[in-house]
Every structure is written in structure tokens, then in C-alpha cells.
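S.K.: Build the 3D model from these lines:
(one chain, ligands or ions: 2)
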Amino acid sequence: MFHRFDFSTFRSADQAEREEFCRQFVASLQQHGFCKIVNHYVPPADIDQAFEISRAFFELPLNEKLKSPHPAADNPHRGYSAFGVEKVSTHSNYDAANPMPLLKDMKESYDIGSESDPLWDNIWPPSGVLDTFRPTFTSFYSACYHAELAILEALSLGLGLPAETLANLHKDEINELRLTRYPEVSRSDFAHSTRIAAHTDFGTITLLFQDDVGGLQVEAPYGSGKFIDIDSGGRYECILNVGDCLRKWTGLCSARHRVHLSEAVQTNGSEMGLTNDVVPERYSIAYFAKPDRTASLRPLLGSEADKSNDGTVCMTAGEFQNMRIQGTY
Ligand SMILES: O=C(O)CCC(=O)C(=O)O
Ligand SMILES: [Fe+2]
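M.R.: Ligands and ions are numbered 1, 2, ... in the order given. Down below sits the predicted model:
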């Protein structure tokens, strides 16, 4: 159901092949809002390094992790959030046809922005606490931005727009990187909690790298309140999804998603060797490509492209991000 796109085809010299790739890429995101991509410009060695350092950080004692804390406010969205601090369920029913129960998150996370953001500084672990953290994630951030630009070009072409249309709305590089660790929990914990509550992402596109534990689920059909598994192809296969800003510009589908108890574990947990009711620890790294704060969210494809009627199409992307993040902390 979720297509897998090999970006080496986008780099192919054959014009017709490239055009067909872009057309199918957009059609897939129009339908599901999610797809898988490989050969996406983020080198496997960088992904390995990012997962290794993420694990090293989360394995530090809590008092060390709390030396670079997320502030007790929505902004700046930077630094370490301990287990239970961030409440994604605030967003679970945003613009949603079928309301969901508001479940608590079972996760800890670390949010990182651009080193050149004029508005917010990053919050890094202080010197002496995992000194490899900052260079690893500034470099990983740059690799993801490189991938983002190619993806924005493919999207623009697939939508029938000039190649640089979307890249021109992303010149300020105010993207965000988020490391998440979901600790080992019991299957029964999912009766009243979840790993990350259902939500849509607020930006343009998200690139998600994950280990092979699984549990990522997407609302499908769109707006139905039913969630289906996206199986994990491991950390080199990137999951790409559409965020709310891209939906407003183009009408592509910004699907609700969550990390929950996968159908596979729920039905075959014991066959998968999961004994004692245990759901294993999980790691993910998400890169949120965000529009320039001054960019308008007016539809790029004519007013028919966006069916949303909530007034937000007249906002700038910066105003929209501020509106959406409210109440998360
Ligand atoms: O950890 C994951 O697989 C998904 C995380 C996510 O959806 C998010 O942080 O927005
Ligand atoms: Fe998300």
C-alpha cells in the first residue's frame, strides 16, 4: 500500500523516466500522505552515527540529560524532554473528522533546530556531556536539508510547477530534527497510553528514520479514525510524509499518524518471541522540513486545491507553526 521510491531514478539522465517518477511520487502522496524512499542523499554511515549518538545520549543518567532541558513552554522547541513531559495528544483532533481518545505519550525526546536560526538558539548538552552530540546532529541536519531540496524539486515537478517553486519557500533553513526514544513498555500499557499520540505534522514534509521495531501507524482511509501499520524497512529506508503546510499549498494528504502497539505485535506477539507482555524499546529520528516563517500558506495550485475552511490559509507559515505548537508543553 505504501509505495517505495528510489531517488536514484530521480537523478537519472533520462528525462521521461524522471517525469514519470515525479508524477507517481505526487500521486502516491495525494492518496496516502506517506511513502517510503531509498537512495535519498542521507548516507547510511551518517544514519548509523546518528542512531549511535542518540542512543548514547538517552542512555545517560537523567541528571546529565537534564543539563540541556527543553524549557517549560512551547517555544523554543529545543532541548531534552523527559518521559511524560511533551503532550502530543493536544494535537490529536486538529482538523480531524473522527475524534480520538487523548492518550499520554510514553517517550523521551530531544529537539534540535538550525544553527543559523535568527529566532531561537539551539539547546545543546554542555561541554563535557557527550561532546560528539552537537557535531553529529549539525552534520546530520545538513544531510537531511540536502535530501529535502531534492524531494522539494521532485514534488514541484510532479505537481506541474517550476522546479524551484517549493525550494524558494524553504531558503531560511529553519527545519527541525527530533530524536526520540520509546522505552520498553508492557502491551497492557497501551490501554491508556501510547508511544506518540495521533497527530499530523505541522511543516512541509517529514523524513523519518527508525529502527526495525515498528509501531508507526497511519490513519487510512484518510479521516476514518482507523490506523494501519507501516512496517519498518530498517533505518536506511526513510519514511516520508506530508505535513499541514504542504497540504495547504497543494492539497496533498497530511495524514494523522501515531506510534502505537502494532497490529503485528498485537496479534502475533508471542509468535514474534515477545514474551512477558513486553514491547521492546524503539528509537526514531525525524527531520521536519519547515517553510520560511514569512511564507504565505495560500494554495499554490488555485483556491480549489485546499478544501480546509479554518481560516489558516491566510496565515504565514510562522504564524501557523506558533498556533499549532500551543499547548504541547
Ligand atoms: O517515532 C516515530 O516513528 C514518529 C514520530 C512522529 O511522528 C513525530 O515526532 O512527529
Ligand atoms: Fe509525526
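S.K.: what are the phi and psi values for Ala198?
M.R.: For Ala198, the backbone dihedrals (degrees, to the nearest 10) come out as phi -60, psi 140.
S.K.: so what's the closest residue to Lys107 other than its chain neighbours up against?
M.R.: Sequence neighbours aside, Tyr182 is the residue nearest to Lys107 in space, at 4.9 Å (criterion: CB to CB, 6 or more residues apart in numbering). From N, CA and C alone the C-beta is placed, and that goes for glycine too. Neighbouring residues of Tyr182 by CB atoms under 8 Å, 6 or more residues apart in numbering: Met106, Lys107, Arg195, Ile196, Gly215, Val259, Glu281, Arg282, Tyr283, Ser284.
S.K.: Export the residues you listed as TSV, with columns for secondary structure.
M.R.: Shown next, in TSV, are these (DSSP: H, G, I helix; E, B strand; the rest coil):
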residue	secondary structure
Met106	coil
Lys107	coil
Arg195	coil
Ile196	strand
Gly215	coil
Val259	strand
Glu281	coil
Arg282	strand
Tyr283	strand
Ser284	strand
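S.K.: hang on, the earlier thing: ok, now how distant is the residue nearest to Lys107 from Thr90?
M.R.: Here the criterion is CB to CB, to the nearest Å. By it, Tyr182 lies 19 Å from Thr90.
S.K.: Check Ile151 too.
M.R.: As judged by CB to CB, Ile151 and Thr90 stand 28 Å apart.
S.K.: surely Leu166 meets Thr204?
M.R.: Yes - with contact defined as CB atoms under 8 Å, Leu166 counts as touching Thr204 (7.3 Å).
S.K.: What pLDDT is listed against Thr328?
M.R.: As predicted, Thr328 sits at a pLDDT of 82.
S.K.: Tell me if it really is in a strand.
M.R.: No - counting by three-state DSSP, Thr328 is not found in a strand; it is coil.
S.K.: My guess is it contacts Asn75. True?
M.R.: No - between Thr328 and Asn75 there is no contact, the gap being 9.6 Å when judged by CB under 8 Å.
S.K.: quick one: low-confidence ranges for the chain?
M.R.: Scanning the chain for pLDDT under 70 picks out 268-276, 303-310.
S.K.: What number of residues are in the vicinity of whichever residue of it sits closest to ligand 1?
M.R.: As assessed by CB to the nearest ligand atom, ligand 1 sits closest to Ser284 within the chain, at 3.3 Å. The number of residues packed near Ser284 is 26, by other CB atoms under 10 Å.
S.K.: Backbone dihedrals for the residue lying closest to it once chain neighbours are set aside, please?
M.R.: The shortest distance from Ser284 to any non-neighbouring residue, by CB to CB, 6+ apart, is to Gln210 (4.2 Å). Phi and psi for Gln210, reported as degrees, to the nearest 10, are phi -140, psi 160.
S.K.: Contacts only, for Gln210.
M.R.: Counting by CB under 8 Å, 6+ apart, Gln210 has contacts Leu216, Ser232, Arg235, Ile239, Arg282, Tyr283, Ser284, Ile285.
S.K.: hmm, 7 Å instead?
M.R.: Contact analysis of Gln210 by CB atoms under 7 Å, 6 or more residues apart in numbering lists Leu216, Ser232, Arg235, Ser284.
S.K.: Likewise for Gly215?
M.R.: Gly215 touches Arg195, Val259, His260, Leu261, Ser262, Arg282, counting by CB under 7 Å, 6+ apart.
S.K.: same thing with Arg293?
M.R.: Ile174, Thr316, Ala317, Gly318.
S.K.: which bits of this structure sit near ligand 1?
M.R.: Residues of the chain lying near ligand 1 by CB under 6 Å from any ligand atom: Arg178, Thr180, Ile196, Asp201, Leu208, Gln210, Leu216, His257, Val259, Ser284, Ala286.
S.K.: of those residues, closest to Asn39?
M.R.: Leu208 (16.3 Å; CB to CB).
S.K.: circling back to that earlier point, comparing Ile151 and Thr90, which shows the higher neighbour count?
M.R.: Neighbour comparison, Ile151 and Thr90: the larger count goes to Ile151, with 25 against 18 (by other CB under 10 Å).
S.K.: what residues are up against the closest residue to that one other than its chain neighbours?
M.R.: Nearest residue to Ile151, sequence neighbours excluded (CB to CB, 6+ apart): Ile205, at 6.2 Å. Counting by CB under 7 Å, 6+ apart, Ile205 makes contact with Glu148, Ile151, Leu240, Asn241, Val242, Gly243, Leu246, Ala289.
S.K.: before we move on, the earlier item: from the contacts of Tyr182, list just the buried residues.
M.R.: Neighbour-count burial (16 or more other CB atoms under 10 Å) applied to the contacts of Tyr182 gives Met106, Lys107, Arg195, Ile196, Gly215, Val259, Arg282, Tyr283, Ser284.
S.K.: residue contacts, the nearest residue to the third one once chain neighbours are set aside?
M.R.: The spatial neighbour of Arg195 that comes closest, neighbours along the chain excluded (CB to CB, 6+ apart), is Val259 at 3.7 Å. With contact set as CB under 7 Å, 6+ apart, Val259 has these partners: Tyr182, Arg195, Ile196, Gly215, Leu216.
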